[in-house]
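A.B. asks: Turn this into a model:
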Amino acid sequence: MVADQHIQVLLAMLSATLLFCALWLLMLRPDTVLHLDRGVAPVAALIEDDPAPVILADAAGAVQHANAEARRAFPLSEAPTLVAALSETFANPDRILHEMVIDAQMNGAVVRRTPRHEDSMRISVHRTGAAQFLWRFDIDTAGVGPQGKCDETALPTLEVGPDDAVLGLNPAAYALLGADVRSLEDVITTGSHRSGETCLIPTPEGPVDCLVIEREGGAGQRVIHLVPHARKVERGAEDWAFFEEMPVALLKLGRDGMIRQSNRPARDLLGIDVTRDLAFGDALEGLGRSIKDWIDDAASERGTVHAEFLRVRRDDREVFVQVTLNRAMEDGETVLIAVMNDATELKSLEAQFVQSQKMQAIGQLAGGVAHDFNNLLTAITGHCDLLLLRHDQGDPDYADLMQINQNANRAAALVSQLLAYSRKQTLRPQLVDLRETLADLTHLLNRLVGEKVSLGLSHDPALSSIRADKRQLEQVIMNLVVNARDAMPKGGEIRVQTENVTLTEPLRRDRAVVAPGRYVSVKIIDDGIGIAPDKAQKVFEPFFTTKRAGEGTGLGLSTAYGIVKQSGGFIFFDSVPQEGTVFQLLFPAHAPLENAGAAKTGDAVSAGPVSGVVLLVEDEAPVRAFAGRALRMRGYTVLEAESAEDALEFLEDPETHVDIFVTDVVMPGLDGPGWVQQALKARPGARVVFMSGYAEETFSEVQARIPNSVFLPKPFSLKELTDTVQRQTG
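C.D. replies: Numbering: from 1, shown residues only. So this is what the prediction gives:
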């Protein structure tokens, strides 16, 4: 009992002694504790959202703060030191960490990559105070990390938002700036820094001269690299050694435009190994004015904008860069620092946007031209057909009439090509057996390729059918074969191969995605001169041609592209200069219809006389005159109206009997579908034939709501008109 009392007294005395010592230390060194709190709290706020594990520790490895990712990655709740936290990660962390602390004390920062079981860890440590170290742990990281945070580099790096707020710092920046980010934001906001020059950056040890290198980031952000302890005005050649270490593409230029120095990222971007004795204008192009004048303006500070988009002169691929010029001084001479950013993806998006605008503009132009032009062609071919009915082949005028008819058809085909590129031509899809189609085309294709070029065909014996407009498909194949012939001026062989293709997973090519399924492939292969890489992106553009003036319209491939896309297919090509080109068409496969032949026979129209009343509505007088005469000759009674309003006046008399409406779609005032919908309320049994020089797709949704209606595209022949009306009246 007495012993227990002695133990209790001793414990009480020990507790009091420890408490007294703690209070004495707090009173004696309050500045130390408060300084630690002031040093840890701001850094803790900065590193908390870092995507990599970051730990603030003292020289002995005691953890002062760890961010959320570090608390998740390491057992810090059980191990308050770095050695204990990393004991499960490394076999001997004590030695590794001790060596890195010593190096960081001497050099300020050190980076080491340490192998593990299946990967490696990149460990960086930066001295942030006399006895304070910032540790960062990355597993196989490179470049910019998640969420836009700047990656750890040897140079202090900051990411700045559009409002000049600092969004992210790398560990080297933490080490240089400490927690004084607000004063740094003041420097950036006041604009006292300029890319390529030096400015005073506030640090815990006082202002430090830093060379500022700035480049554009995404979404209006900027990435700023700081090179500490750079001299403010004069900079000798030996002081430009930082170039090679910078993660940004940099060139040093003289006022004469010669490249004096470059770093590895810049040489990689330009696709060259050495820039010595190379002029800036020999490496890049596309400014629109003299590059030497542009460089001289920047060196003389004439104007305010010195950033331009240029194209790199390289043969392997197309590369665009954004170049920003900044002045600097070297031995009393003005030089320029060119900061280059890869803008290829941006220019690609811009090109796609321009292409879509160009396509839309051509589509609108083609549609407008087609409407008026097709009305004229309808009148020409129609009246020509009327004359041919009165002239047989022995008549002296027969040959002239046939010439008029054939040239009118050629004009219609030219308009159809423009509509095909804009995907606004009207297709008549049907099930097509490519073997039969190519067999029918063989004679014509052999004549097209000439004597120096041979044509070979090979087919899959079990080739599936496709659904396409046969006439347009023939046009595509002829265009591709003609291009292959022109690519072999010395002769050679063109091979046309068809086969069934089954995709088990999506095929991604040229910004297109082909869904899994069954397809029919058509390849046109030549051994010609091929397509240069810098021309490959333009081959499907309208009016683009590599042929000499007068040898091509530039519409062949653009027409093929539009027809294939409108048919639900895909077109790709592979080309090697001086070795040849392969164009591949992919169409969804269809099972053949067993009664296709019977259906075709049932569609035949008898040539005998018929009867019925037709209300013909057409605002173009020549077209109305031809259509009226053609229908009367077939045996119909025709009522003519030049507008929708006149047609509705005819129908106000209930005694007026009409079997079928034949009407233009686009007319001044009320359009065709509009007046027909009104007329069908009182005459629901009437049939309808819509005529238009525009494509059917432009009003197909409206037509779908009108029962018993069909579409007849302009220009049409006399037989096409009368057969269509006869099928409708049945």
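
A.B. asks: helices or strands next to the host helix or strand of F373 in the packing?
C.D. replies: For F373, the element it lies in under DSSP states H and E is helix 344-388. If you count contacts as 3 or more CB pairs under 8 Å, 6 or more residues apart in numbering; DSSP states H and E, helix 344-388 packs onto strand 320-330, helix 398-421, helix 621-634, helix 718-729. In this view, the C-beta of every residue, glycine as well, is placed from N, C-alpha and C.

A.B. asks: ok, now with 6 Å
C.D. replies: helix 398-421, helix 621-634 (3 or more CB pairs under 6 Å, 6 or more residues apart in numbering; DSSP states H and E).

A.B. asks: Domains in this structure, by residue range?
C.D. replies: The chain resolves into domains spanning 42-141, 237-342, 348-421, 434-591, 604-729 when parsed by automatic domain parsing.

A.B. asks: What is the burial count for A109?
C.D. replies: By other CB atoms under 10 Å, 21 other residues sit near A109.

A.B. asks: That one and I123 touch, don't they?
C.D. replies: No. Taking contacts as CB atoms under 6 Å, A109 lies outside contact range of I123: 11.5 Å.

A.B. asks: Could you report the separation of L445 from V354?
C.D. replies: 35 Å (CB to CB, to the nearest Å).

A.B. asks: quick one: the helices in the stretch 601-730 of the chain?
C.D. replies: Ranges of helices in the stretch 601-730 of the chain, per DSSP state H, counting those that start in this stretch, are 621-634, 644-651, 672-682, 700-704, 718-729.

A.B. asks: Of those helices, which shows the lowest average pLDDT?
C.D. replies: Mean pLDDT is lowest for helix 700-704 out of the helices of the stretch 601-730 of the chain, coming in at a mean of 73.

A.B. asks: okay, L445 and V354: which has more neighbours?
C.D. replies: Per other CB under 10 Å, whichever of L445 and V354 has more neighbours is L445, with 20 against 10.

A.B. asks: Make sure that one is indeed in a strand.
C.D. replies: No. Counting by DSSP: H, G, I helix; E, B strand; the rest coil, L445 falls outside a strand, being helix.

A.B. asks: Could I get the contacting residues of it?
C.D. replies: Contact analysis of L445 by CB atoms under 6 Å, 6 or more residues apart in numbering lists 455, 481.

A.B. asks: any idea of the pLDDT on P93?
C.D. replies: So P93 comes in at 75 (pLDDT).

A.B. asks: before we move on, what about G602?
C.D. replies: 42.

A.B. asks: Which parts of the stretch 51-200 of the chain are strands?
C.D. replies: For the stretch 51-200 of the chain, the strands defined by DSSP state E, counting those that start in this stretch occupy 54-58, 63-66, 109-115, 120-129, 132-139, 157-160, 166-169, 198-201.

A.B. asks: Pass me the low-pLDDT residue ranges in the stretch 251-400 of the chain, would you?
C.D. replies: 303-306, 351-352, 355-356, 358-360, 362-363, 366-367 (pLDDT under 70).

A.B. asks: hang on, the earlier thing: would you reformat the helices of the stretch 601-730 of the chain as JSON lines and include mean neighbour count and distance to Q393?
C.D. replies: Below are the helices of the stretch 601-730 of the chain laid out as JSON lines (neighbours: other CB atoms under 10 Å; distance: least, CB to CB, whole Å):
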{"stretch": "helix 621-634", "mean neighbour count": "19", "distance to Q393": "20"}
{"stretch": "helix 644-651", "mean neighbour count": "18", "distance to Q393": "40"}
{"stretch": "helix 672-682", "mean neighbour count": "18", "distance to Q393": "38"}
{"stretch": "helix 700-704", "mean neighbour count": "13", "distance to Q393": "40"}
{"stretch": "helix 718-729", "mean neighbour count": "19", "distance to Q393": "17"}
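
A.B. asks: For R72, which of those helices is the nearest?
C.D. replies: Distance to R72, taken as CB to CB, is lowest for helix 700-704 among these, at 55.1 Å.

A.B. asks: Show me how far that closest one is from its chain's centre.
C.D. replies: With CA atoms, centre = their mean, to the nearest Å as the basis, helix 700-704 stands 33 Å off its chain's centre.

A.B. asks: same thing with stretch 83-101?
C.D. replies: 47 Å.

A.B. asks: what does that stretch contact?
C.D. replies: Contacts of stretch 83-101 (CB under 6 Å, 6+ apart): 61, 74, 76, 79, 82, 110, 125.

A.B. asks: go with 10 Å
C.D. replies: 53, 55, 57-63, 66, 70-71, 73-79, 81-82, 109-112, 114-117, 121, 123-125, 127, 133, 135, 137 (CB atoms under 10 Å, 6 or more residues apart in numbering).

A.B. asks: about what we covered before: closest to V710 out of the helices of the stretch 601-730 of the chain?
C.D. replies: The nearest among the helices of the stretch 601-730 of the chain, by CB to CB, is helix 718-729 at 6.3 Å.

A.B. asks: how big is the angle separating the closest one from helix 344-388?
C.D. replies: Here helix 718-729 points in a direction 90 degrees away from that of helix 344-388 (axes from the mean of the first three to the mean of the last three CA atoms, to 10 degrees).

A.B. asks: looking just at contacts, which helices and strands does helix 718-729 meet?
C.D. replies: Identification of packing neighbours for helix 718-729 by 3 or more CB pairs under 10 Å, 6 or more residues apart in numbering; DSSP states H and E yields helix 344-388, strand 613-617, helix 621-634, strand 660-664, strand 687-692, strand 709-713.

A.B. asks: Quick check: which of the ones you listed is nearest to L557?
C.D. replies: Closest among the helices and strands packed on helix 718-729, using CB to CB: helix 344-388, at 13.8 Å.

A.B. asks: thinking again about what came up before, which among the helices of the stretch 601-730 of the chain is found nearest to L441?
C.D. replies: So among these, helix 718-729 is nearest, using CB to CB, at 23.3 Å.

A.B. asks: Using CSV, write out every CA atom in the closest one.
C.D. replies: This file holds the C-alpha atoms of helix 718-729, laid out as CSV (Å, rounded to 0.1, in the frame of the first residue of the first chain):
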residue,chain,number,x,y,z
LEU,A,718,-40.6,13.7,-121.8
LYS,A,719,-40.7,9.9,-121.1
GLU,A,720,-39.7,10.3,-117.4
LEU,A,721,-42.5,12.8,-116.9
THR,A,722,-45.3,10.8,-118.6
ASP,A,723,-44.2,7.5,-117.0
THR,A,724,-44.2,9.1,-113.5
VAL,A,725,-47.7,10.5,-114.0
GLN,A,726,-49.0,7.3,-115.5
ARG,A,727,-47.6,5.3,-112.5
GLN,A,728,-49.4,7.6,-110.1
THR,A,729,-52.7,7.4,-111.9
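
A.B. asks: tell me the angle of it relative to strand 660-664?
C.D. replies: 140 degrees.

A.B. asks: wait, which of the domains of the chain is closest to L158?
C.D. replies: domain 42-141 (11.4 Å).

A.B. asks: for the helices and strands packed on helix 718-729, which one ends up most surrounded?
C.D. replies: Mean neighbour count, computed with mean count of other CB atoms under 10 Å, is highest for strand 660-664 among those, reaching a mean of 25.

A.B. asks: quick one: strands adjacent to that strand?
C.D. replies: strand 613-617 (parallel), strand 687-692 (parallel) (DSSP bridges).

A.B. asks: wouldn't V576 be in contact with G530 here?
C.D. replies: Yes. Counting by CB atoms under 10 Å, V576 touches G530, with 5.4 Å between them.

A.B. asks: residues contacting the closest residue in space to A487 that isn't next to it in sequence?
C.D. replies: Nearest in space to A487, with sequence neighbours left out and distances taken as CB to CB, 6 or more residues apart in numbering, is G528 at 2.8 Å. Counting by CB under 10 Å, 6+ apart, G528 makes contact with 453, 483-492, 494, 575, 577-581.
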